[in-house]
Each structure stands twice: as C-alpha cells, then as structure tokens.
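Engineer: Coordinates only, no sequence provided:
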C-alpha cells in the first residue's frame, strides 16, 4: 500500500468535516497513527479517540508546530518524524505538553518556517536545513561538498556527542533554535522529462552545463558551480512547475523529497550524486525550551532521541519499499509507477566529482565560508571536524546499523 492510498476512502470534504469536529491536530495525529486504509467513519473514530486522550487534561504548555508542506500521507513517504515526535511528546509528558500541528504550508513554507519560529509565531518547525539556511546561516555547516560519504555517516554524526559542540551549540547561540532530530539523505540531481528518452546517466560529464534548481544553502551553490551544474535559486514550492515547464533541466534534492512532493511525474532520472546533505530537520525555539523546566526539557530530548531512531529505521525502509530508490527497484513503488530511473554513478565518477568541488581538493572555493563558520563555531575547523567524525565508521556500514546515542549525554 502506498502512502497516497492511506486516506483513499476519505474525501477532502469529509476530512475537513472531521477536522472541524475534533480539531486538525487530533485528526492528523490519528491519520498518521493508523495502520491501514481509513474510511471516513474509521478516521472519525480514530480522531475522536485521539481527541479524548489529548484533551483529558489541560496542558501546561501548548506548542505550535509549523511543518512546511507535510501531512500524514507524505510523511509516510519521507519519514521525517514530525507527527511521531508530536505524538510521543504528548504521551511522554502525560498531556502536560500539547502540540498543535500545522502542515500543508498553512503557516509556513520551506523557506519561512525557520523565521516563523525565530519570530515566536511558531514554537517548533520542520523544514530542510538547506532551505532554512537562509534564515539561520549556521546550518550551512552541514553543506560542505562530500563531507559525508554515506547516509550512515550522517546518522552517526547527528548521534555523536561532538555534534553538540560543532552543530547544535553554535546554532542555538546564533539563531535561538534547538536542533532536535533530522532525516538523512544525500542530494543528487533529479532530471526532468527531457531526459526520459536519453540513456541513464553514468558519467559526471553528462550533467555538465545543465541548469538546476538550488535551495537556500549558500554552500550548495559553491559545489554546483564547481561541478558546472548552473545553480538557479527556485523556491521549493515552485520547483515542480519549473521542471514541468522545462525552465530547468533538473533540481538538486534527494529521492524521497521528489516522491513526497509529487514531483515524480515530472522527473525521469534520479542521479545519485551524493554531493551534500539532504536533511529534513525539526528544531525548537530555545526560549520556549528553556521555559519548560527540567522535567519537560528531559521529555523533549528523549522524544527527540526516540524520533531520531525511528526516522533512521523508517526512512531507510521507505526509500526502498515506498520511494523506489534502489537497484533493482521494487514494483509498486512511486519511482517505478512514474518511470523514474535511479542513475547510480561508479566510485570513480563520485571521486571525480569530489576532486572537482570538495574542500579537501578545492580549498580555495570554500575559504570565505569556512573561515566564517569556523569563527561562529568558536575556532573549530568545522569541515575537518565533521569530515573526521563521518569516517569513524566503516565506509560500507548500512545506515540502519548505526547505533543510536543520546548525543547530549556524551
């Protein structure tokens, strides 16, 4: 069953009627927790049960969670963990914290969610770190080209106690935000329909000169320019139209983002370039976190840890079984249904790309941003520190085999 099928029997009108009765958050949380296809009656029953549990007592804190374009259906494609975190935190605190979940770009989009939380309009947000880097520039620290060799290396870093010093503390100090958890993929080039009848890309040179959408990350643009990929800044919400109309050849993003954003019908090849982070993270206002008091702060961190471990396992499974980002591809997956081929590059081609654009081989390209980020981090060589941590595990370790750790406990 694909994620789109989950609410297959529930019309838009029924969904909003049920939401009007039990509240949008209770309805979304109920839909997210359901195991199979829901009818309108089934959703109403689940929403009533969820509502009854959530409103059994008055919360001490009601937190607003702005989750860009996410909803229960697409969070089963890209397993970013937003609803799981909300559900777990409410249960863990026995209703002391209640979360109002607002997705579907209703309160903020990929580029604006970070700013809404900084402004106090929301208390928690979910969006990619790359899109959020416009409002919180320290997030660029994750985007040095080829710093992470694999998804396993990404998860390993986010669990690592040193991630406190290198990522989380400077981010909180500079931007007033607490980095909670993230999904992990690596970005490639998602080619549009003009590439449908062309052979599957196997050589880096085949991508040279193409025009590709870039996110809000400043460091991502450095890598793309060095790889002759002509970065064009286009908002995430406008990327689908850009590909559809042929205004761009492709978009730099990751596989499950193509699938969850319904971009698969206008993508023909998913080129696994793996050149920098694709991290759909959730963060919280540090001011709000500080106001919770010790016991509830502990609950937030434990829920973040639990969600990080959940995301690690669930997204790895979804990439293969739901998205179709594997070789061979499984039938019935989103990529197969939409004729999206996975274009893998050999180790030699990936090495060629690394030598063209990474700080290890082209330090002069990164000097200005590297100095800036190092100063913000209190003098740490941010690239070298993360690069070394990312290589503490075997190169062939499977992402699902990375041991979860409570990063804040050392």
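Structural biologist: Yep, it's here. These numbers come from a predicted model, not from an experiment. Numbering: from 1, shown residues only.
Engineer: only C-alpha atoms for contact and neighbour calcs from this point on.
Structural biologist: Fine.
Engineer: which one is residue 117 nearest to, not counting chain neighbours?
Structural biologist: For residue 117, ignoring the flanking residues on the chain, the nearest one in space by C-alpha to C-alpha, 6 or more residues apart in numbering is residue 123 at 5.4 Å.
Engineer: Could you pull out the buried residues of stretch 385-394?
Structural biologist: 386-387, 389-391 (16 or more other C-alpha atoms under 10 Å).
Engineer: Distance to residue 149 added to those residues, as CSV?
Structural biologist: Below are the buried residues of stretch 385-394 laid out as CSV (distance: C-alpha to C-alpha, whole Å):
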residue, distance to residue 149
386, 11
387, 9
389, 11
390, 7
391, 8
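Engineer: In helices only, show me the residues you listed.
Structural biologist: Those of those mapping onto helices are 386-387, 389-390, per DSSP state H.
Engineer: Dump those residues to TSV, plus distance to residue 293 and pLDDT.
Structural biologist: Below are these laid out as TSV (distance: C-alpha to C-alpha, whole Å; pLDDT from 0 to 100):
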residue	distance to residue 293	pLDDT
386	32	98
387	35	98
389	32	98
390	34	98
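Engineer: Looking at those, which is nearest residue 79?
Structural biologist: residue 390 (22.2 Å; C-alpha to C-alpha).
Engineer: Give me the phi and psi for the closest residue to that closest one other than its chain neighbours.
Structural biologist: Closest residue in space to residue 390, ignoring its immediate chain neighbours: residue 153 at 4.7 Å, by C-alpha to C-alpha, 6+ apart. Here is the backbone geometry of residue 153 (degrees, to the nearest 10): phi -60, psi -40.
Engineer: Residue 213 now?
Structural biologist: When read as degrees, to the nearest 10, the backbone of residue 213 gives phi -70, psi 140.
Engineer: Is it bridged to anything, and to what?
Structural biologist: Note on residue 213: beta-bridge partners by DSSP bridges are residue 232, residue 251.
Engineer: burial count for it?
Structural biologist: 27 (other C-alpha atoms under 10 Å).
Engineer: mind listing what it touches?
Structural biologist: By C-alpha atoms under 8 Å, 6 or more residues apart in numbering, the contact set of residue 213 is 231-234, 239, 248, 250-252.
Engineer: three-state assignment of residue 147?
Structural biologist: coil (DSSP: H, G, I helix; E, B strand; the rest coil).
Engineer: Identify the residues contacting it.
Structural biologist: Counted by C-alpha under 8 Å, 6+ apart, residue 147 has contacts 276, 358, 383, 386-387, 390.
Engineer: Kindly recompute the last result at 10 Å.
Structural biologist: Residues near residue 147 by C-alpha atoms under 10 Å, 6 or more residues apart in numbering: 153-154, 275-277, 354, 358-360, 383-391.
Engineer: one step back: kindly indicate which of the contacts of residue 213 lies nearest residue 167.
Structural biologist: Closest to residue 167, out of all of the contacts of residue 213 and judged by C-alpha to C-alpha, is residue 252, at 23.2 Å.
Engineer: quick one: the longest helix anywhere in the chain to chain centroid distance?
Structural biologist: Ranked by residue count and defined by DSSP H, the top helix of the chain is helix 294-318. With C-alpha atoms, centre = their mean, to the nearest Å as the basis, helix 294-318 stands 14 Å off its chain's centre.
Engineer: got the buried residues for that helix?
Structural biologist: Those would be 296, 299-312, 314-316, 318, for helix 294-318 by 16+ other C-alpha under 10 Å.
Engineer: Equivalent analysis for stretch 329-340, please.
Structural biologist: Buried residues in stretch 329-340, counted by 16+ other C-alpha under 10 Å: 329-330, 333-336, 338-340.
Engineer: and if you look at stretch 92-106?
Structural biologist: Buried residues in stretch 92-106 (16+ other C-alpha under 10 Å): 92-93, 95-103, 105.
Engineer: center of this structure - which residue?
Structural biologist: In the chain, the residue lying closest to the centroid (C-alpha atoms, centre = their mean) is residue 280, at 1.5 Å.
Engineer: I'd assumed residue 75 was in contact with that residue.
Structural biologist: No. Counting by C-alpha atoms under 10 Å, residue 280 does not reach residue 75; the two are 11.2 Å apart.
Engineer: Can you pull the residues that touch both of those two?
Structural biologist: With C-alpha under 10 Å, 6+ apart as the test, residue 280 and residue 75 both reach 81-82.
Engineer: just to revisit the earlier point, so who does the residue nearest to the centre of the chain touch?
Structural biologist: Taking C-alpha under 10 Å, 6+ apart, one finds 78-82, 110, 126-132, 181-185, 257 in contact with residue 280.
Engineer: 7 Å instead?
Structural biologist: Going by C-alpha atoms under 7 Å, 6 or more residues apart in numbering, residue 280 touches 80, 126-129, 182-183.
Engineer: What about the residue nearest to residue 398 when sequence neighbours are not counted, how many residues nearby?
Structural biologist: Closest residue to residue 398 apart from its sequence neighbours, by C-alpha to C-alpha, 6+ apart: residue 152 at 6.0 Å. Look at residue 152: counted by other C-alpha under 10 Å, it has 25 neighbours.
Engineer: Need the pLDDT of residue 152.
Structural biologist: Note on residue 152: pLDDT of 98.
Engineer: Let me know the angle separating the helix or strand hosting it from helix 294-318.
Structural biologist: Secondary structure assignment for residue 152, by DSSP states H and E: helix 151-159. Put simply, helix 151-159 runs at 180 degrees to helix 294-318, going by axes from the mean of the first three to the mean of the last three C-alpha atoms, to 10 degrees.
Engineer: okay, and for the stretch 51-200 of the chain, where does confidence drop off?
Structural biologist: 51 (pLDDT under 70).
Engineer: hang on, residue 211 packs against residue 228?
Structural biologist: No. If you go by C-alpha atoms under 7 Å, residue 211 and residue 228 don't touch, sitting 8.9 Å apart.
Engineer: Ramachandran angles for the residue lying closest to the residue nearest to the centre of the chain once chain neighbours are set aside?
Structural biologist: Excluding its sequence neighbours, the residue lying closest to residue 280 (C-alpha to C-alpha, 6+ apart) is residue 128, at 4.0 Å. Backbone torsions for residue 128, taken as degrees, to the nearest 10, come to phi -70, psi 150.
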